[in-house]
Structures are given as structure tokens and as C-alpha cells.
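Participant: build me a model:
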Amino acid sequence: MWPFKKNIPNNQSQSSFSSRYFPRNDSWSNFLTGLGMAGYDKRMATQIQPVTQLTEDDLNNLYRGEGLAWRIIDVLTEDMTRKHFTITGDTDKLLEKELRKFKGFRKISECVRWALLHGGSIGVVGIDDGNFLDEPVNESNINAITHIHVYDRWRIHWTSSDLYKDPENPKYGTPEFYTIYPVTESNQPHPATTSKKQSLREQYYKGQISGIQEFRVHETRVLRFDGKLISDKDRLRNNGWNDSYLLGVYERLKGLGESYYGLEVIISEFMQGVLSIQGLANMIAGGQEQLAIKRLNMIDQTRHILNTLLMDSEEEYKRDFANVSGLSDVMHTLMLGVSSSSGIPVTRLFGQSPAGLNATGESDMTMYYDKIISMQTNIMQEPVETLIRYVMLSKPSSFSSDIFADWELKFQELKELTEKEKAELRKTQAETDSTYISSGVLDPEEVALSRFGGETYSTETVIDKNIKRGLNSEDEE
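Facilitator: Numbering: from 1, shown residues only. All right, here's what the predicted structure looks like:
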């Protein structure tokens with residue numbers, strides 16, 4: 001016999017009732033207390049809700065109107081791009097100079113910001129190689145990189161016919177062509193003719209393209225930056241894009257915003273004056289409300305003018321204060337929720353010093369910097385490497401030397417060392433260099449150039465192949 005059989009409604013069978021009110025075999029339950037039983041245990045009613053879908057306007061309004069949402073996106077963007085990146089072997093900063101000619105660092109930062117906010121963005125690179133925008137880049141004929149135009153995901157579209165369809169192609173399932181719809185008063189399609197195509201190409205290379213009409217571009221001319229990674233099925237619902245970094249923190253932001261509003265209301269009503277007037281209820285019942293209001297106005301006027309109250313002996317005036325004890329702890333807990341959801345430590349997001357015994361926030365920042373490195377690798381590395389390769393292939397550049405044959409993109413450390421830590425680092429590095437020199441692994445000139453040949457001290461060691469060749473030839477003789 002089933003427990004609680006007497007509670008089964010007459011219009012339900014025992015089997016259907018048991019499936020609703022009795023637990024499965026893979027969970028803890030207690031028939032006597034109702035633990036784990038739907039209809040008795042309140043927790044069984046808790047369910048995951050569908051993800052809130054944020055539209056383009058929602059995200060733009062959050063970024064412009066909600067200071068904390070703006071702060072999350074900008075902090076992540078700044079930390080991902082503020083130290084730029086380095087290229088091994090580029091000791092003369094030739095690459096950096098080339099990138100600055102067409103505002104490369106600034107455009108990369110824009111791409112990252114809109115990818116984090118909207119879930120994706122692209123930078124369309126102006127490459128003067130003799131081909132049209134919807135044709136692959138002719139890497140053997142790159143004359144110059146002239147500019148980068150940035151578009152968020154809402155301006156970018158493709159259809160199934162635009163995808164790579166060969167399963168053996170490494171780019172299978174990804175767009176071969178993108179259609180860009182710049183922001184205009186009207187984004188109605190305009191059929192492209194050969195003459196319009198040529199004109200558009202000329203405008204684009206000159207950096208003069210405007211929101212006149214949509215245009216089609218080959219993926220080799222595109223730097224694609226993606227947002228927060230989601231499953232293939234969710235990406236399909238998202239028109240091929242990942243999620244905004246605000247989506248996962250949206251509910252926490254909303255809760256904190258509502259709490260701030262409630263706190264402001266409490267502050268505005270923190271102190272209330274209470275006046276007791278004998279016979280007030282009878283005055284109101286007798287239609288003499290105006291006498292009560294007149295009396296209140298007179299008391300308020302005398303308080304302002306004389307800083308005292310003129311009251312009848314049968315009246316009483318007192319002040320009541322709202323109880324705000326514990327609100328600080330509640331607000332701090334909500335702030336921790338936003339910090340945890342965004343992955344940004346409280347010290348960085350809110351500019352608040354860490355609390356607690358011996359709290360420094362150093363471990364939080366270390367984990368956060370590791371997160372930033374991961375985001376740089378997942379979001380920035382591939383498109384930035386593509387751009388760097390195009391710059392190196394451009395004919396007027398000075399990157400033909402074999403010193404760049406095995407170049408590597410490196411993101412710089414975000415942690416700022418103290419003077420003491422810098423001194424200890426240099427001491428350790430000097431001891432290591434001394435060991436390498438004495439054992440013949442490195443040449444003193446290589447060490448000197450590697451450490452002090454650039455604008456700042458560097459722990460990276462650059463091997464001079466010419467010196468090594470010279471040493472080897474002397475040994476052979």
C-alpha cells in the first residue's frame with residue numbers, strides 16, 4: 001500500500017499521483033517528513049528558467065544607461081587590450097609602427113568591446129591587393145593595409161549558401177562570405193552591379209565607405225571576434241553568434257539595481273515626523289480635514305522660522321527613524337554576486353578594498369589575470385595573428401628578414417611588479433644569464449641586447465643566429 005494513499009484525489013490514478021508526489025529512485029527522500037517529494041518539499045518546485053534573450057536595444061541601453069554594465073564591459077576590454085601584445089623578434093617595434101599607421105590597436109580594442117557586449121563583431125580589413133572585397137586576399141600582392149572598419153554582430157549576416165560546405169575543409173560550416181549592413185536610415189538591399197562593385201572597392205580602400213548600401217566581403221578580409229562561447233545549438237538560435245558577456249550577469253545586475261533603488265527610498269524616508277493631535281479622528285469624521293491640515297502647516301512654519309515647535313499641551317510630536325542595520329551587509333552580498341557572475345574581483349569592478357582578516361585581494365587578482373589571458377587567447381589571438389601576417393606580407397614593410405620566420409604573438413603580463421619584486425627578478429635573471437654565459441649557451445652580447453636593447457628591461461632572450469654561425473665556424477677551424 002502506498003503511503004498517504006488517503007490523500008490521493010478521486011479523479012487521479014495511484015500511478016499518476018505517485019509519479020507527481022513521490023520521489024525518483026535517484027534522489028534522497030523521506031516519506032515521513034516529505035523530503036524530496038513534490039507537493040510536500042518546496043525545493044522540488046525550483047526549476048531552471050529559460051535564458052533571458054537580450055536584444056540589440058537591450059544591450060545598447062544596458063551599456064549606455066546602467067553604469068555597472070558599462071563598467072563590466074569596459075574593465076574586461078581595457079584589461080584585455082591595455083598592454084597590447086608583442087611579437088618575438090620585433091625588437092625595433094617595426095610592427096607596432098605599421099599597426100599605428102591605420103589605428104590597428106584602437107580598432108582591435110573596438111572589436112573586442114563590441115564582441116563582449118553583443119556576442120560578436122568583425123573588423124573588415126582594407127587590403128590593397130588588386131582584388132575585390134568579395135574575393136580572397138591575394139597574399140602575394142599585398143601593397144598596403146589601409147584601415148579597419150568595425151561592425152557589431154547585428155550588422156553582419158550570412159545564409160547557408162555562404163558557408164564552406166566541404167566537410168574536409170578546416171573551415172567547414174563557417175561563413176565564406178559575410179554581408180555587411182552599415183547603420184543607415186534605411187538598410188534596404190541594393191543589387192550590386194559591376195560598376196557599383198568597382199566604385200565600392202575604390203571607396204573602401206580609401207577608407208571612405210559610409211552607410212549607403214550593404215556590401216559583401218570574403219572571410220579572408222575579415223577579423224572575427226566572438227563573445228562568450230555557447231553550444232552549437234544555442235549558437236544556431238543566435239544566428240551563428242556567441243553570447244554577450246552581460247547575459248550571464250543580467251539577473252544579478254537587475255537585483256543589485258533594484259536594491260539600490262530600494263535603499264535610496266529608505267534614505268529619503270529615513271526620518272519621519274509624527275504629530276499626535278487629540279480628536280483627529282473626530283475632526284476627519286466631521287469633515288474638518290482642513291483644520292488638521294492648517295494646524296500641520298502652522299507647526300511646520302514655526303519650526304522653520306523659530307527652530308522650535310508651538311504645540312498645544314495635548315499634542316505630541318516625535319521623530320521616528322528607519323532601521324537600516326544590516327543593509328550594508330546585504331548590499332555587499334549583492335555586490336559579491338555581481339562580481340562572481342562577471343568574473344571580475346570586487347577590488348577591480350567596484351574599486352573597493354578587500355575585507356576580512358589579512359585580506360589583500362592578491363589571490364583574487366591573480367585568478368582574474370589568468371582569466372584575462374584565457375579570454376585573450378580565445379577571443380583575440382586568431383584574428384590578431386591574421387592581421388599581423390597580412391602586415392608582414394605587405395610589400396612596403398620591413399618584415400622580409402628571416403628574423404621573423406618563426407614569429408610568435410605574446411600577450412603581456414598584466415600584473416604590475418613592485419620595485420622590490422623587480423629587483424629580485426633582475427637578480428634571479430642575472431644569475432641565470434651568468435650560468436648560461438659561463439657554459440657557452442649564450443653570448444654576453446646576446447644577453448646585453450636581450451635585456452637592455454629595447455625601450456625597457458626584458459626577460460625575453462633573443463638568440464642571434466649570426467653570432468652562433470660565427471662561433472661554429474671558428475670552432476671548425
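Participant: low-scoring stretches of the stretch 301-450 of the chain, by residue?
Facilitator: Where the stretch 301-450 of the chain drops to pLDDT under 70, the residues are 302-326, 353-361, 396-405, 417.
Participant: what of the stretch 151-300 of the chain?
Facilitator: Low-confidence segments of the stretch 151-300 of the chain (pLDDT under 70): 184-212, 264-275, 277-280, 299-300.
Participant: again, only using 80
Facilitator: Residues of the stretch 151-300 of the chain meeting the criterion pLDDT under 80: 183-213, 259-289, 291-300.
Participant: let me see the ranges of the strands in it.
Facilitator: All strands of the stretch 151-300 of the chain, identified by DSSP state E, counting those that start in this stretch, fall at 156-157, 177-180, 215-218, 222-226, 271-276.
Participant: closest one to residue 68 among those strands?
Facilitator: strand 222-226 (23.1 Å; C-beta to C-beta). From N, CA and C alone the C-beta is placed, and that goes for glycine too.
Participant: what separates the closest one from the chain centre, distance-wise?
Facilitator: 15 Å (C-alpha atoms, centre = their mean, to the nearest Å).
Participant: thinking again about what came up before, go through the strands of the stretch 151-300 of the chain and pick out the most buried.
Facilitator: strand 222-226 (a mean of 22; mean count of other C-beta atoms under 10 Å).
Participant: name every strand pairing with that strand and say which way it goes.
Facilitator: strand 120-128 (antiparallel) (DSSP bridges).
Participant: averaged pLDDT, the strand it pairs with. What do you get?
Facilitator: In this model, strand 120-128 has a mean pLDDT of 96.
Participant: show me what counts as buried in it.
Facilitator: For strand 120-128, burial by neighbour count (16 or more other C-beta atoms under 10 Å) applies to 120, 121, 122, 123, 124, 125, 126, 127, 128.
Participant: try stretch 244-254
Facilitator: Quick answer for stretch 244-254 (16+ other C-beta under 10 Å): 244, 245, 246, 247, 249, 250, 252, 253.
Participant: let me have those in JSON lines, adding distance to residue 333 as columns.
Facilitator: Listed next are the buried residues of stretch 244-254 as JSON lines, based on distance: C-beta to C-beta, whole Å:
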{"residue": "244", "distance to residue 333": "25"}
{"residue": "245", "distance to residue 333": "22"}
{"residue": "246", "distance to residue 333": "21"}
{"residue": "247", "distance to residue 333": "22"}
{"residue": "249", "distance to residue 333": "15"}
{"residue": "250", "distance to residue 333": "18"}
{"residue": "252", "distance to residue 333": "11"}
{"residue": "253", "distance to residue 333": "15"}
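Participant: tell me the secondary structure for residue 335?
Facilitator: helix (DSSP: H, G, I helix; E, B strand; the rest coil).
Participant: is it in contact with residue 255, as I believe?
Facilitator: No: the criterion here is C-beta atoms under 8 Å, and residue 335 misses it with residue 255 at 10.6 Å.
Participant: show me which of those two is the more surrounded one.
Facilitator: More neighbours surround residue 335 than the other of residue 335 and residue 255, with 18 against 13 (other C-beta atoms under 10 Å).
Participant: show me what contacts that one?
Facilitator: 256, 346, 350, 352 (C-beta atoms under 8 Å, 6 or more residues apart in numbering).
Participant: find the nearest non-adjacent residue to the second one, please.
Facilitator: Excluding its sequence neighbours, the residue lying closest to residue 346 (C-beta to C-beta, 6 or more residues apart in numbering) is residue 339, at 4.7 Å.
Participant: is it true that that neighbour touches residue 347?
Facilitator: No: with contact defined as C-beta under 8 Å, residue 339 does not count as touching residue 347 (9.1 Å).
Participant: which one of these two is surrounded by more residues?
Facilitator: Neighbour count, other C-beta under 10 Å: between residue 339 and residue 347, residue 339 has more, with 22 against 18.
Participant: if I look at that one, how far off is residue 365?
Facilitator: Residue 339 sits 12 Å away from residue 365 when distances are taken as C-beta to C-beta, to the nearest Å.
Participant: hey, what's in contact with both of the two?
Facilitator: Shared contacts of residue 339 and residue 365, defined by C-beta under 8 Å, 6+ apart, comprise residue 345.
Participant: in TSV: the strands of the stretch 151-300 of the chain, plus distance to residue 377.
Facilitator: Formatted as TSV, the strands of the stretch 151-300 of the chain follow (distance: least, C-beta to C-beta, whole Å):
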stretch	distance to residue 377
strand 156-157	23
strand 177-180	24
strand 215-218	26
strand 222-226	12
strand 271-276	55
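Participant: and of the ones you listed, who's closest to residue 388?
Facilitator: strand 222-226 (10.7 Å).
Participant: residues in contact with that closest one?
Facilitator: 108, 111-112, 114-115, 119-125, 148, 178, 241-242, 378-380, 383-384, 386-387.
Participant: before we move on, what SS does the nearest residue to residue 107 once chain neighbours are set aside have?
Facilitator: Closest residue to residue 107 apart from its sequence neighbours, by C-beta to C-beta, 6+ apart: residue 148 at 4.0 Å. Three-state assignment for residue 148 (three-state DSSP): strand.
Participant: and for residue 148, the neighbour number?
Facilitator: Neighbour count of residue 148, defined by other C-beta under 10 Å: 22.
Participant: the stretch 51-200 of the chain: helices as residue ranges?
Facilitator: 56-65, 67-81, 94-101, 104-118, 194-205 (DSSP state H, counting those that start in this stretch).
Participant: with the stretch 301-450 of the chain instead?
Facilitator: 327-342, 346-349, 362-375, 381-393, 419-438, 444-452.
Participant: contacts for the last one?
Facilitator: By C-beta under 8 Å, 6+ apart, the residues outside helix 444-452 that reach it are 91, 429, 433, 436-437, 457-464, 467.
Participant: rerun that using 10 Å as the cut-off
Facilitator: The contact list for helix 444-452 (C-beta atoms under 10 Å, 6 or more residues apart in numbering) reads 91, 426, 429-430, 432-434, 436-437, 442-443, 453, 457-464, 467-468.
Participant: out of those, which end up buried?
Facilitator: Judged by 16+ other C-beta under 10 Å, buried ones among those: 91, 429, 433, 442, 443, 458, 461, 462.
Participant: okay then, goodbye and thanks.
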